[in-house]
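Asker: mind folding the following:
(chains A and B)
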There are 2 protein chains.
Amino acid sequence: METAGELAPSARVLLGPGPSSVPSRVLKAMATPLVGHLDPEFVRLMEETKALLRFVFQTKNTLTLPISGTGSAGMEACFVNLIEPGDEVIVGVNGVFGTRMVDIVERCGATPIKIETEWGRVFTPEQVQAALGQSKRPKLVALVHAETSTGAWQPLEEMAKIVHAAGALLVVDAVTSLGGCPVKVDEWGIDACYSGTQKCLSCPPGLSPVTFGQRALEVLRQRKTKVQSWYLDMTMIEKYWGEERVYHHTAPISMNYALREALRLVQEEGLEARFRRHERNHVALAAGLAAMGLPLAAQEGHRLWTLNSVTIPAGVDDAAVRRRLLEEFNIEIGAGLGPLRGRIWRIGLMGDSSSRGNVLLVLSALEEILRTQGHACAPGAGVAAAQVAYAGG
Amino acid sequence: METAGELAPSARVLLGPGPSSVPSRVLKAMATPLVGHLDPEFVRLMEETKALLRFVFQTKNTLTLPISGTGSAGMEACFVNLIEPGDEVIVGVNGVFGTRMVDIVERCGATPIKIETEWGRVFTPEQVQAALGQSKRPKLVALVHAETSTGAWQPLEEMAKIVHAAGALLVVDAVTSLGGCPVKVDEWGIDACYSGTQKCLSCPPGLSPVTFGQRALEVLRQRKTKVQSWYLDMTMIEKYWGEERVYHHTAPISMNYALREALRLVQEEGLEARFRRHERNHVALAAGLAAMGLPLAAQEGHRLWTLNSVTIPAGVDDAAVRRRLLEEFNIEIGAGLGPLRGRIWRIGLMGDSSSRGNVLLVLSALEEILRTQGHACAPGAGVAAAQVAYAGG
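Answerer: Numbering: from 1, shown residues only, chains lettered A, B, ... in the order given. Next up, the predicted model:
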């Protein structure tokens, strides 16, 4: 066997769809020697983490905790706990993650009813209403708040009323929004919501914060069948994270150290200040890209601050540009997924990665590389436009 | 909301059922700034990790990788991928983890056939043979190599021949054995095996190494139904960890950094030397405990080196002893689970925690505390007996 050498990765500037850059305080927390998963000190840390997660989810939900897996495990946890075989589930499909939801719904033995729109566009309350009309007994409606594959930002304010009137639950994917733009679980009437740690919370990937409200809990309590996943069964997980402290699985201690520290940083910055930072950097990036002839791809008026999908100009070699960004500038940006592969780039400005310095850097680097690919724009045009935007112009 | 302060856990000596103590090199690796999950540098690290895992599993299996969840996620991954609704599955139940397997088998819509014996005892090939005779078409036989809840060490050498003759697969739980005592996947004919990182590999909890052999792969390829878990679907996970590098979920980068470093340490020590160390410390601990009137609880001749279950003497307050070990000596040991609660302690000597110093420390601390609980033994008897054992006496 070849010998694996000392770990020495390059110092990347992480501007892809996640992971985002992790602050040194979070890395340091993660390197703290471990206590056991039933240690009174860890139990106290669990309580602090739950409180901090309620803060970022803007909720009072008791059942708010990190699932011991990445964001997709949180997605699966919401579905396997809330639906049973034979249920009808309405899913908004306008990107990769809606598609993934449909796949999971089917694996639960439930029937998905898809609401579809072009990738990059969002759904209207009327479309959700119409889909609810097609279902006799809709169990839940699932929508992606921030579509990481397209950069589309789904408005949710009007949705819960419609969904609840039909007797269904509203389940929301907030993987790329939590901590970067408002996710108002209680105010918006969201019944279950999941996220990831490696996006706007700037913690390494490995945990999935979830929150379940009262309506969702009632559905969970009234199940006729066991949750099909043992590992993700919230009725057992809540006994470990609740007052009973019944052992379920060994919690990922170090990842929980990291998450708690990342959440402390969110609290110190303040949610509003953090949202403004994400907004400001997005606006400047968008201005710079526009000046360089690189329009954003998502529906106008519904573009995420956290994930910018950029239309690749004709004649430009997608893979070559990303490779040069990585090799010459240590910058990671994301490729398009599925039907958008080769058509868009995805520039993430999430958590710690959302900084003025990174915006100016990626615009400069892109300009230099694109010039060699025959995509002309006035020298410095991108950076200049971003600077104007920062100055409030 | 109360403010969560700076992370400052006590410096525990981790002698429970896991997590074990994590070496500083592993902590340092975990605190290394992240690259993306599709970065060429991470792809190279994935290949190195797979090779290192093959080394500890003693296998040539291509499909050998860490699942992005704790050991229980690895358990669930083996079952959901290999069984389908209606299958008959034989499970050896002699502790918590066999019980958990039965629960998962039922959640898969399959029929478990239990082989049972007293907790702390192991199964004979004849018992497995008899169970196979009860099933018309047994899909697989699942056994726990190292029962963390009892300290029993299940011999496996004779099992595969019997299982394969019946047309079934052999699935093994090696959570508390991998890296601490031999797990010879290829030589023993194990078809699928899972472990955890936080035991004898001395890496934090959060990943579950798994390996699937050719027979298991054929079963996976011939499935009539989709794997019920999207997150744990090996047909998709293998495309990300294989040459295609198709995005499935965002790999827990930092945990993978940690695992690779932990495996490098195993490689540097050498498997045989590591096993001898685990054996030696177990023998010394057992000698010390015996001298203190504290017999091991698992079946004689089948006691794990890595997890020692100790019968709690009559009249001794289980919880008080464990609390004092933690508060006065910073030592964590484990309580009994289920029917063994209050009847045994579980002293783990796993990975970095398996050291001569820890053996002497826990014997001394236990002696001091037990004396105040009315359990008399000659002063220093435990330590003296351990020292004799270390001297080869």
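
Asker: just the strands in chain A please.
Answerer: A:13-15, A:63-67, A:88-93, A:111-116, A:138-144, A:146-147, A:152-153, A:169-173, A:192-194, A:208-212, A:307-311, A:331-335, A:344-348 (DSSP state E).

Asker: output the last one as PDB, nothing but the C-alphas.
Answerer: What follows is strand A:344-348 as a C-alpha-only set of coordinates in PDB (Å, rounded to 0.1, in the frame of the first residue of the first chain):
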ATOM      1  CA  ILE A 344     -23.900  28.000 -15.000                       C
ATOM      2  CA  TRP A 345     -21.300  28.500 -12.300                       C
ATOM      3  CA  ARG A 346     -22.300  28.700  -8.700                       C
ATOM      4  CA  ILE A 347     -20.600  31.300  -6.600                       C
ATOM      5  CA  GLY A 348     -21.300  30.900  -2.900                       C
END
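
Asker: now do it: which elements does it pack against?
Answerer: In terms of contacts (3 or more CB pairs under 8 Å, 6 or more residues apart in numbering or on different chains; DSSP states H and E), strand A:344-348 is packed against strand A:13-15, strand A:307-311, helix A:318-329, strand A:331-335. Just so you know, the C-beta spots here come from the backbone N, C-alpha and C atoms, and that holds for glycine as well.

Asker: may I see the buried residues of the third one?
Answerer: Translated: helix A:318-329. A:Val321, A:Arg322, A:Arg324, A:Leu325, A:Leu326, A:Phe329 (16 or more other CB atoms under 10 Å in any protein chain shown).

Asker: which of those lies closest to chain B?
Answerer: Taking CB to the nearest CB as the measure, chain B sits nearest to A:Leu326 out of the buried residues of helix A:318-329, at 7.3 Å.

Asker: wait, what's in contact with the closest one?
Answerer: A:Arg12, A:Glu332, B:Asp39, B:Pro40 (CB atoms under 8 Å, 6 or more residues apart in numbering or on different chains).

Asker: at 10 Å instead, please
Answerer: A:Ser10, A:Arg12, A:Val13, A:Gly16, A:Glu332, A:Ile333, B:Val35, B:Gly36, B:Asp39, B:Pro40, B:Glu41 (CB atoms under 10 Å, 6 or more residues apart in numbering or on different chains).

Asker: give me the buried subset of these.
Answerer: A:Arg12, A:Val13, A:Gly16, A:Glu332, A:Ile333, B:Val35, B:Gly36, B:Asp39.

Asker: how about TSV for the strands of chain A, with mean pLDDT added?
Answerer: Putting the strands of chain A into TSV (pLDDT from 0 to 100) gives the following:
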stretch	mean pLDDT
strand A:13-15	98
strand A:63-67	98
strand A:88-93	98
strand A:111-116	98
strand A:138-144	98
strand A:146-147	98
strand A:152-153	98
strand A:169-173	98
strand A:192-194	98
strand A:208-212	98
strand A:307-311	98
strand A:331-335	98
strand A:344-348	98
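
Asker: surely A:Val172 touches A:Ile190?
Answerer: Yes. A:Val172 lies in contact with A:Ile190 (CB atoms under 10 Å); the separation is 4.9 Å.

Asker: quick check: neighbours shared by those two?
Answerer: A:Leu143, A:His145, A:Leu156, A:Met159, A:Ala160, A:Val183, A:Thr211.

Asker: got JSON lines for the residues you listed, with distance to B:Gly86 and neighbour count too?
Answerer: As requested, the shared contacts of A:Val172 and A:Ile190 are exported to JSON lines (distance: CB to CB, whole Å; neighbours: other CB atoms under 10 Å in any protein chain shown):
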{"residue": "A:Leu143", "distance to B:Gly86": "35", "neighbour count": "26"}
{"residue": "A:His145", "distance to B:Gly86": "39", "neighbour count": "26"}
{"residue": "A:Leu156", "distance to B:Gly86": "41", "neighbour count": "25"}
{"residue": "A:Met159", "distance to B:Gly86": "39", "neighbour count": "23"}
{"residue": "A:Ala160", "distance to B:Gly86": "40", "neighbour count": "20"}
{"residue": "A:Val183", "distance to B:Gly86": "42", "neighbour count": "25"}
{"residue": "A:Thr211", "distance to B:Gly86": "36", "neighbour count": "32"}
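
Asker: now for these, which pair is the farthest apart?
Answerer: Between any two of these, the greatest separation by CB to CB is 16.5 Å, found for A:Met159 and A:Thr211.

Asker: what's the closest non-adjacent residue to A:Gly206?
Answerer: Take A:Gly206 and drop its neighbours on the chain: the residue closest to it by CB to CB, 6 or more residues apart in numbering or on different chains is B:Pro252, 3.5 Å away.

Asker: that neighbour is in contact with B:Leu259, isn't it?
Answerer: Yes. The pair B:Pro252 and B:Leu259 passes the contact test of CB under 10 Å, sitting 9.3 Å apart.

Asker: joint contacts of the two?
Answerer: Joint contacts of B:Pro252 and B:Leu259 (CB under 10 Å, 6+ apart) are B:Pro66, B:Gly206, B:Leu207.

Asker: returning to what we had before: dump the helices and strands packed on strand A:344-348 to TSV, plus distance to A:Gly348.
Answerer: Below are those laid out as TSV (distance: least, CB to CB, whole Å):
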stretch	distance to A:Gly348
strand A:13-15	5
strand A:307-311	5
helix A:318-329	13
strand A:331-335	7
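
Asker: what's the average pLDDT for stretch A:68-75?
Answerer: Mean per-residue pLDDT for stretch A:68-75: 98.

Asker: quick one: is that stretch near chain B?
Answerer: Yes. Interface with chain B: stretch A:68-75 contributes A:Ser68, A:Gly69, A:Thr70, A:Gly71, A:Ser72, A:Ala73, A:Gly74, A:Met75 (CB under 10 Å from any CB of the partner chain).

Asker: got the buried residues for the longest helix seen in chain A?
Answerer: Ranked by residue count, the top helix of chain A under DSSP state H comes out as helix A:271-291. When burial is assessed from 16+ other CB under 10 Å, helix A:271-291 yields the following buried residues: A:271, A:274-275, A:277-291.

Asker: so which of the residues you listed also contact chain B?
Answerer: Counting by CB under 10 Å from any CB, no member of the buried residues of helix A:271-291 is near chain B.

Asker: how many other residues sit next to the closest residue to A:Lys136 other than its chain neighbours?
Answerer: Nearest non-adjacent residue to A:Lys136, counting by CB to CB, 6+ apart: A:Glu88, 7.1 Å away. For A:Glu88, the neighbour count with other CB atoms under 10 Å in any protein chain shown is 19.

Asker: and if you look at the one 4 residues further on?
Answerer: The number of residues packed near A:Gly92 is 26, by other CB under 10 Å.

Asker: separation between it and A:Leu337?
Answerer: Distance, A:Gly92 to A:Leu337, using CB to CB, to the nearest Å: 17 Å.

Asker: and if you look at A:Thr117?
Answerer: According to CB to CB, A:Thr117 stands 17 Å off from A:Leu337.

Asker: in contact with A:Asn330, which residues?
Answerer: A:Ser10, A:Ala11, A:Arg12, A:Val13, A:Leu14, A:Leu361, A:Ala365, B:Val35.

Asker: the strands of chain A: which one's closest to B:Ala216?
Answerer: strand A:63-67 (26.9 Å).

Asker: which regions of the stretch 151-300 of chain A sit below the pLDDT cut-off?
Answerer: In the prediction, the stretch 151-300 of chain A carries no residues with pLDDT under 70.

Asker: near chain B, which residues of it?
Answerer: So far as CB under 10 Å from any CB goes, the stretch 151-300 of chain A lies against chain B at A:175, A:196-199, A:203-208, A:225-233, A:236, A:247-258, A:260-261, A:263-264, A:267-268.
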